[in-house]
Structure formats: structure tokens, C-alpha cells
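1. Sequence first, predicted model second:
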There are 2 protein chains.
Amino acid sequence: MTMSNTGGRRRPPTIHDVAREAGVSRGTVSRVLNGGHYVSPAAQEAVNAAIRRTGYVVNRHARSLITGRSDSVGFLLTEPQERFFEDPNFNVLLRGCTQALAAHDIPLLLMLAGTEDERRRITRYITAGHVDGVLLVSSHFGDPVAEELREAGVPLVACGKPIGLGSKVSYVAADDRDGARDMVRHLLSLGRRRVGVVTGPLDTPGGVERLAGYKEVLAEAGIEIDEQLVVSGDYSRASGEAGAERLLAQAPDLDAVFVASDLMAQGVLTALEHAGRRVPQDVAVGGFDDSPAAVAARPELTTIRQPWDRISAEMVRVLLAQIGGEDPAAVILPTELVRREST
Amino acid sequence: MTMSNTGGRRRPPTIHDVAREAGVSRGTVSRVLNGGHYVSPAAQEAVNAAIRRTGYVVNRHARSLITGRSDSVGFLLTEPQERFFEDPNFNVLLRGCTQALAAHDIPLLLMLAGTEDERRRITRYITAGHVDGVLLVSSHFGDPVAEELREAGVPLVACGKPIGLGSKVSYVAADDRDGARDMVRHLLSLGRRRVGVVTGPLDTPGGVERLAGYKEVLAEAGIEIDEQLVVSGDYSRASGEAGAERLLAQAPDLDAVFVASDLMAQGVLTALEHAGRRVPQDVAVGGFDDSPAAVAARPELTTIRQPWDRISAEMVRVLLAQIGGEDPAAVILPTELVRREST
DNA sequence: TTTGATTCTGTGAACGCTCCCAGAGACTGG
DNA sequence: CCAGTCTCTGGGAGCGTTCACAGAATCAAA
């Protein structure tokens, strides 16, 4: 049982208290706190004991004031807010990043920049140096916040390849194109030939790359691309439903759909159900993400798993490296086909 | 276009720079920054202009060092992690709190205390004063973190009535009991008489209160409580499915189920489908939460809407008040029945 | 022993801000 | 016209750290 704040809120112990308790100077305590170089074993031990006895915790504000670092990072979301809490992937990512940072004792600041006002406020906050770096979740073309941060020289790691920015910005992404290829190959292997696609927004890498994978595989299989079989959504459930309705109208003979997100795939299932098509007998449906939505769907979705746990871990690793002075880096991680009931 | 950090990362302007630029003293600038009391209009204007010209942003570390406040609050999750990203309610809550805090220019630190190690680390962090207060999302009985924080005198607002803690802790909650009453009355109004219930964990207020509402209404309607019609889940989808299977086995004649969460209700729908029962014709199903899961379900769920936007706003309001020195407070907010396809 | 490096320790300066106090000036009321 | 009160301003002190530097101790090599 360590001594603690019994009763009225007392002033917490400072580095002075520890130094006095250990019979050494502030400097020595500080050295112990920061790696223990140039400290004798005896002093080391005395200081550690004193820290335990006093219940000392470093005051990060004082430290930050002089080091200029804040020892915290921001998790910045510049998407419109609805997307955030509708898309299960964000949660997994957020959780993964929080945990990976916690291992380094670095708190995560959640930042939502939905409106123009918020954008300005947050940009100010970040460029003022209140976080050491930013994990960016936004892949839309020409994001003004991302651009500003990059210009200000703030360490930055994006989730997914940021289209608009120069090549000088780090990112971690799943191999979208390869995942799409796997899925379309899978659909073809089931004997389907009229394979439709509901893409993501074409100003996002996920939108572009997954469509590219789709086209590549069809081309390789000697199937001509029918533009009637290609529609775009915005990753939302509703847009998936609308997209499928358009597909059914333009190409009633379709026998499979590759959907660029599980959430949109849910919408596709709804539309198919309304149209009286059975899944997978009449139309096979393939999703993307392997989010909780995939298991929630009826029938459960065959989908492409994005390795979110690894993505978040890599984002944190790359960001910390960059904060430590390393150069930006891009990391591409492999995906995996998960077969369920919808194909 | 304000002046900014063009080119190499320059030292950001300090309050001294602003003072010099405005031709006043640090003290005056500081007063302007903190509400502008006892400052002449002329000085006020000069300082504001200087701030704009220099692009000055207050250094929060320096401020915190002297005020002892950190001007940040923690959003603490002590549930096992899976629940976090499976339950859509958390997202809405997290988003609402972040935005409500942003309006006060207060950053939110996301904290996950899943393991024992994390719990200890986070408790230290918080009690060391690195956040001014904590928004707590955990309603399980006897949460050790919550108890420690309460003892340490950290301002605290829980989401949902915390069962284990004394009455001295603030909380904001939807009126669980009343919501449950509405739903069960609704089911009875449809002519159903064999109404089952899948409760939440009985060490959570949501579990206890919603069951209580169910029992009250049945009693008022003169219907005897049949314990065969009562099973418990843990708010997860899987537990809903298992619960419904048990209900079907114990009381095959049931014609309605009140489920204490939408996610569990999804599981119930799955089980009913497997058992060949039609919803709502054979069995009416009522959920709770009005989460995205309610609209995702097939058929779409009739449910009880929890006013999450108001809950998060109230949590922030009460927490800030408490940080400002006010006494703890409890806030109960009304719910609303949302009728969809499942009843 | 002397020299020079190497390891270890203590101490004054910052870091950028708010708090406090003293004092100047502008009013009021007697 | 002076005392009393209010508004407004400037500047010293200090918050709890790290950093730079100087000095002490230790040891090996000359």
C-alpha cells in the first residue's frame, strides 16, 4: 500500500520531494526519469524507492513546457460525422490506435473536424504544437486540413493512401486492389459472368483501387467491361441500396455484385430482397472490410478482411518513428478473403 | 491571410510577442485572454489585433502548469473492449461528448482500461491531475477504477446510474424503466399476452431497470409473471440469439419478446427466423436503444430511442459544472417509442 | 604523480504562462 | 479638496520540469 492522498486533496509530490526523499538532487531524479543514463546504481535505486514511497507522477505540463513536445497525439477525423459512427471500421481503428499508443504511455486526443469552424479550430490547436503528431482518417481528395498540416510540418500518418497530397506523407493501407482482385476472382470461380460492382466514392483510394482490381480481373478473364454494371456509392448503407436498384434496372441479368464496403453490401442485400432475387442462388454478393456489418447481414457476407489491428499498430509505429525524426513511409498490408453465406 | 510559419519551423509567438506588438504588458494580454475583465476597450482592441497579426495561440502547458487545471477531460471506457466496438451506442456517445467539449475548446482524451495493467496506468494518469474530469462509460457493479477515482475526488460523470458507487457520484441516464414500460404496454396494446423478455446483465442498471419496467406493466395489466418468459443476455448479438432459443424452448407459445438492446434483438430475430416464426405476425419483437442496428435489422426494429445527443450534452454540462465546483447531480432523460416493422 | 578521459552529481537558468500586488488615474460623495 | 472606491496597468514571483554546464570522483595510462 503506497502512501496516497488520504483525505483532503493535497498537493501532489514534485520532483523536489522525490529528490529530498532519496537524498539526491533534482537533476539525478530527472535523469532516472529519462532513461537513467549517467546515474549510479545506488542513486538509481534510491530514486526509484523514493518515487514508490511518495507516489510521484511526473507533471507532463512542466515537462512539455521545456521540451516542446506534448507526448500526445491526435486522432483526426475529417469526414462528415455520420460516416464515423455508421462505419464499424473506424471503431476498430480507433481502438487499435488507442491501445498501441497506450503501450507507449501516450494519450490519444480525439478530434472531429466536421464543420468549417471545427476545422479551423483544430488546425490551430495542432499547429500550435499541442500534439506531437496526427493520425489522420480521411481519404477524400484535397482535404484542406491534411494539406495545411503537411505544410506546417506536423508529423502525419494517414489511414489509406491520401490521393490529393504529395508523396511526402506517410500512410498505412490495406492492399485494396489486390483484395478486390481476390473477390472478383472468387465470384468468377463460382461461374458468375455478369458481375456488377458498387464502388466507393471515386475521390477515395478505396473507391479507385477496388474498381481497378475489378476491371483487371475481368480483363484477364477475357470479359468485356460493361459500364452498365458499374455504379458508385458513398460507403453508406443507403447508397448501396440505391446502387443495387440502379444495377438491377440497367442490367437485370446480373448474377453477382462486388460491393466496395460491407455497409453498402447490406443495402444491396435489401434491394435484392425487394426485387425478389435470392442471395446467393440468383445473385452472389461480395462485400469489403469484414466489419461487424458482415456478420450482421442476412445472409452473412462473404467479404475481404482488412487487417485493422495491424493497420492501427503500423500507423502508430510509423507516426512515432516520424516524430522521432525518421522520414515518412508508406506501408501496404495484405487482405484476406472470408467466405460466408452470400456467395 | 494571416502571417504564418512560412518555411522552416519557427518558434511560435509567445505572450511577450503579443504584448510588445500591442504596446501593452503581459498582464494585460493575459487578462484579455481570460475574459477581458479590467481591461480598457482600447487595450482590448490592440491586443486582439496583435493576436491576429502574430497568429498567437496560448501555450496550454504553461497555463496548466500554473493554474493546476489541464483543460482536458478523459472519456473512460472500462468495459471489455469488444463491447466497445460492437455497441453502436458508444460511438454516438463518444461523438456527442467530443463535440460538446469542442464547443468549450476542451480536448477529449480517449482512455481504454480493459486489462488490469491499463487500469492501473490510467488511474495513475488521471489522479495525477492530467485531466480535469472523467466521463465514465461503465455501469458494471463494483468497478474498481470508478471507485478509486471517486475516492481521489476526481470530478466524474457516469453514463447510466452506477450501481456500486455511493450516491455522491453524478450520472446521466435515460429513463430505462419508463422506456421499458412504454414498450411492454405497446406490445400488450397489440393484443399480445405471452410476452417474453431478454434482459441485459443484471449487474447493470439497464438490465435491472428495464426488467423492472416489464414486470410492473404486466402486473398492472393483471398478467402473472412467468419466469419461463424471462432470460438474461449480456447485450451482445450472440447472447440475444441464445436467449431467444432458450425462450422458445421454455415457452413455445410466446407471441412477443421485449429485448433490452437492439443488438440482442438482432440475435433474437435470427433465432426466430431459424425456428420458422414470422416477425411480427407470429412473434412481435421490441428492442431498446434505437441504435443503427435497429434499422439494419430485418425486419426493422420497433425500439425505444435513447436520447444520446442529449445524454452526451448533459454529461458534459454536468462534468464541467462539477469541475467548476458545483455539487454532483443526477439527470434522467425521457425516452421515446419508435415504431417500425417488427411489431 | 600527473594527465586525460569517463562517469556521476548538483545547481542555476530557462520554458510561457497566471497570480498577486502595488500604484496610477478617474470618478464619487462629503 | 481630500478620502474612499473603483477601474485599469505593469512587473515580480513562481508553477515543475529539463537542459547546459561546471565540478567532483574514479580509473587507466603515461
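-> Everything's here; your move.

2. Can you give me the pLDDT of A:G206?
-> Looking at A:G206, its pLDDT is 87.

3. pretty sure it is in contact with A:G200, am I right?
-> Yes. If you go by C-beta atoms under 8 Å, A:G206 and A:G200 touch, sitting 4.7 Å apart. For glycine as for every other residue, the C-beta is placed from the backbone atoms N, C-alpha and C.

4. Can you check which residues contact both of those two?
-> Residues touching both A:G206 and A:G200 by C-beta atoms under 8 Å, 6 or more residues apart in numbering or on different chains: A:Y235, A:A260, A:S261.

5. Between those, which sits nearest B:A62?
-> Using C-beta to C-beta, A:Y235 is the member of the shared contacts of A:G206 and A:G200 that lies nearest B:A62, at 42.3 Å.

6. pretty sure the closest one is in a strand, no?
-> No. Applying DSSP: H, G, I helix; E, B strand; the rest coil, one finds A:Y235 to be coil, outside a strand.

7. isn't it right up against A:S261?
-> Yes. Counting by C-beta under 8 Å, A:Y235 does reach A:S261; the two are 4.8 Å apart.

8. Those two: who's more crowded?
-> When A:Y235 and A:S261 are compared for neighbours, A:S261 comes out ahead with 31 against 26, by other C-beta atoms under 10 Å in any protein chain shown.

9. how far away is that one from A:G286?
-> 11 Å (C-beta to C-beta, to the nearest Å).

10. can you pull the pLDDT of the closest residue to DNA strand D within the stretch 151-300 of chain A?
-> Proximity of the stretch 151-300 of chain A to DNA strand D (C-beta to the nearest atom of the strand) peaks at A:P155, 17.9 Å away. The confidence metric pLDDT takes the value 95 at A:P155.

11. Enumerate every residue touching it.
-> A:P155 touches A:D132, A:G133, A:V134, A:L319, A:Q322, A:I323, counting by C-beta under 8 Å, 6+ apart.

12. Among these, name the ones in strands.
-> A:G133, A:V134 (DSSP state E).

13. Quick check on the contacts of A:P155: which are buried?
-> Neighbour counting by 16 or more other C-beta atoms under 10 Å in any protein chain shown classes A:D132, A:G133, A:V134, A:L319, A:Q322, A:I323 among the contacts of A:P155 as buried.

14. Could you single out the nearest of those to B:C97?
-> Using C-beta to C-beta, the buried ones among the contacts of A:P155 come closest to B:C97 at A:V134, 20.3 Å.

15. Any chance of the backbone angles for the residue nearest to the closest one when sequence neighbours are not counted?
-> Of all residues not flanking A:V134 in the chain, A:G74 sits nearest, at 4.6 Å (C-beta to C-beta, 6 or more residues apart in numbering or on different chains). The phi/psi pair for A:G74 (degrees, to the nearest 10) reads phi -100, psi 150.

16. Quick check: A:D143 touching A:P162?
-> Yes. Between A:D143 and A:P162 there is a contact under C-beta under 8 Å: 7.3 Å.

17. Which of the two has more residues huddled nearby?
-> Using other C-beta under 10 Å as the criterion, A:D143 and A:P162 rank with A:P162 on top: 27 against 23.

18. Which residues are in contact with the more buried one?
-> A:L136, A:S138, A:S139, A:D143, A:A146, A:V169, A:Y171, A:P205.

19. The first one falls within a strand, correct?
-> Yes. Under the criterion used here (three-state DSSP), A:L136 sits inside a strand.
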